[in-house]
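Colleague: kindly generate the corresponding structure for this input.
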Amino acid sequence: MDLRKIEAFCLVVELKSFTRAAEALLLSQPTVSGHVQSLESELGHKLLDRLGRQVEPTPAGRLLYRYGRRILVTTRRAVEAMEQFSGRIAGRLLLGSSTIPGTYILPGLIGRFHLRYPEVRTTLRITGSRSIAREVLAGELELGVVGAQWNEAGLEWREIFADELVVAVQKGHRLAMQDTVTLRDVVQEPFILREQESGTRKVFAEALKVHGMTENDLHGVAEIGSTAAIKEAVKAGVGVSILSRRALQDTIACGTMAAIRLQDVDLYRHFYLICRKNREPSPVTAVFMEYLREKSAISVLDSGT
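Modeller: Take a look at the predicted model:
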């Protein structure tokens, strides 16, 4: 089987579109379609079904996709190993992250890593922690940075960053000029909650429990599924919320919001670097892991890292 055809097929599966796969590969759509048809003829099985505008793999297609991804990853690792043998760090870094580190921590780090190693191309996928863990286990991603830790036998976990959670309020709010507030102050305010599976929400719920309260004590006015949307709601005066200090840096600098510490409550959320157990990382991945550890050792709370 031709590697170019396997790559085209895998991209069609991942992007659910011949058109988007062709754009990603800088090929024409007929060429990508031809690659897939050639694989179907060679293997004697239909690999893809068109469902409306989207494309989905058949059972045979799902099987080929699993092996195809492994073939592509192994090929990439071989190329990277030869580049390293020649004294160069070059190749592709496949990285996944949950929302906060993926939006507010990793982009700057990746940018500075690229300055150091300009021949490395990085793909950063941002989604939920569980999804990232599944893709790392499946070999679709080599590394993940996630905001929760659980019992997953096939993964190694290393705490890599931490972030303080603070009370986010609108500029001009009666609490905005205070350095600290109490939980009692917070429960008296209209409160904007994150979605149920949010790591930030879980950390805050645990803090409430430690102090003899629950989410039922909050005056909840909304439940919103993203940090960016909650920031806009707070700025619009809908209510207050608990958010990542890192996520608020731009609005604090602009003077549109204030971040206030909770009195007598340590609210820190930890982020973990995950990779598969007993798997030798590719040369590019190994260099990036060491880079992350170096930056983490300097200061887990320094957003300018």
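Colleague: all contacts plus neighbour counts: C-alpha atoms, from now on.
Modeller: Will do.
Colleague: quick one: mean pLDDT over stretch 125-141.
Modeller: Taken as a whole, stretch 125-141 has an average pLDDT of 88.
Colleague: how about that stretch as PDB, C-alpha atoms only?
Modeller: C-alpha atoms of stretch 125-141 as PDB (Å, rounded to 0.1, in the frame of the first residue of the first chain):
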ATOM      1  CA  ARG A 125      -5.600  19.600  19.400                       C
ATOM      2  CA  ILE A 126      -7.800  21.200  22.000                       C
ATOM      3  CA  THR A 127     -10.700  19.200  23.500                       C
ATOM      4  CA  GLY A 128     -11.800  17.600  26.800                       C
ATOM      5  CA  SER A 129      -9.300  15.800  29.000                       C
ATOM      6  CA  ARG A 130     -10.900  12.400  28.500                       C
ATOM      7  CA  SER A 131     -10.800  12.700  24.800                       C
ATOM      8  CA  ILE A 132      -7.100  13.600  24.900                       C
ATOM      9  CA  ALA A 133      -6.400  10.600  27.100                       C
ATOM     10  CA  ARG A 134      -8.100   8.300  24.700                       C
ATOM     11  CA  GLU A 135      -6.200   9.600  21.700                       C
ATOM     12  CA  VAL A 136      -2.900   9.300  23.500                       C
ATOM     13  CA  LEU A 137      -3.700   5.700  24.400                       C
ATOM     14  CA  ALA A 138      -4.700   5.000  20.800                       C
ATOM     15  CA  GLY A 139      -1.400   6.500  19.500                       C
ATOM     16  CA  GLU A 140      -3.100   9.300  17.600                       C
ATOM     17  CA  LEU A 141      -1.400  11.800  19.900                       C
END
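Colleague: quick one: buried residues of stretch 137-155?
Modeller: Neighbour-count burial for stretch 137-155, counted by 16 or more other Cα atoms under 10 Å, picks out 137, 139-149, 155.
Colleague: which stretches of the protein form strands?
Modeller: 48-51, 54-57, 91-97, 120-126, 143-146, 155-170, 180-181, 190-194, 219-224, 241-244, 257-262, 268-276 (DSSP state E).
Colleague: closest to Ile71 out of these?
Modeller: Judged by Cα to Cα, the one of the strands of the chain that comes nearest to Ile71 is strand 91-97, at 14.8 Å.
Colleague: who's in contact with Val240?
Modeller: 167-170, 186, 189-192, 234 (Cα atoms under 8 Å, 6 or more residues apart in numbering).
Colleague: and which of those residues is nearest to Gln37?
Modeller: Ile192 (50.8 Å).
Colleague: bridged to the closest one, which residues?
Modeller: Ala222 (DSSP bridges).
Colleague: give the buried subset of the contacts of Val240 as a PyMOL selection command.
Modeller: Selection of buried members from the contacts of Val240 for PyMOL, criterion 16+ other Cα under 10 Å:
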select buried, resi 167+168+169+170+186+190+191+192+234
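Colleague: ok, the contacts of Val240 vs Pro118, which is closest?
Modeller: Nearest member of the contacts of Val240 to Pro118, counting by Cα to Cα, is Ala168, at 37.8 Å.
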